[in-house]
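Visitor: make a model of this:
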Amino acid sequence: MLYRLLFCLFLSCSVTFSMAEQSSVEEEGKLAKTVVELERSVAVLQLSTASLGDYQTLATKMAHVNALEYRVNFLGNLTFLLFMSLVVFFFKLRHQQKRLLALEQRETEKSSQQESKDVK
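Guide: Numbering: from 1, shown residues only. The predicted model follows:
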C-alpha cells in the first residue's frame, strides 16, 4: 500500500513538472513574440515621426555606407589577386630553381666527363 502511494506521488510530481515546463516554454514563446512586435511598433513609430531632414541624413549615411562597402569589396578583391599572384610567382620560382639545378648538374657532368677525357 505504501509503495502504491509513493508511486502515485512520484507520478503526480513528474506530471506536474512536465506541465510546468510546457507552460513556461509557451510563455517564453509568447513573450518573445510580444517583444518583437513591440520593437517593430517602436521602429514604425520612429519612422512615422521622422522629418524630411531625418530622411535626408539617413539617405546620406546610407550612401556613405554603400561607398565604404564598395571600397571594402575592392580592397578584398585586390588582396585576393595579390595573394594569387604571389602563389603563382612562388610556383614559377620553384620551377626555375629546379631547371637551374638541372642545368648545373648537366654542366658538372660535362665538365667531369671532359676532365676524364683530358686525363686519358
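Visitor: off-centre distance for the helix or strand that contains Arg71?
Guide: Secondary structure from DSSP states H and E places Arg71 in helix 52-119. Average the C-alpha atoms of helix 52-119, do the same for its chain, and the two points are 24 Å apart (C-alpha atoms, centre = their mean, to the nearest Å).
Visitor: which strands and helices sit next to it?
Guide: Applying 3 or more C-beta pairs under 8 Å, 6 or more residues apart in numbering; DSSP states H and E, one finds that helix 52-119 makes contact with no other helix or strand. In this view, the C-beta of every residue, glycine as well, is placed from N, C-alpha and C.
Visitor: domain assignment for this structure?
Guide: By the record's domain assignment, the chain is partitioned as 1-49, 52-120 (automatic domain parsing).
Visitor: any chance of CSV for those, columns mean pLDDT?
Guide: As requested, the domains of the chain are exported to CSV (pLDDT from 0 to 100):
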stretch, mean pLDDT
domain 1-49, 72
domain 52-120, 88
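Visitor: can you add mean neighbour count and give those domains back as TSV?
Guide: Below are the domains of the chain laid out as TSV (neighbours: other C-beta atoms under 10 Å):
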stretch	mean neighbour count
domain 1-49	10
domain 52-120	10
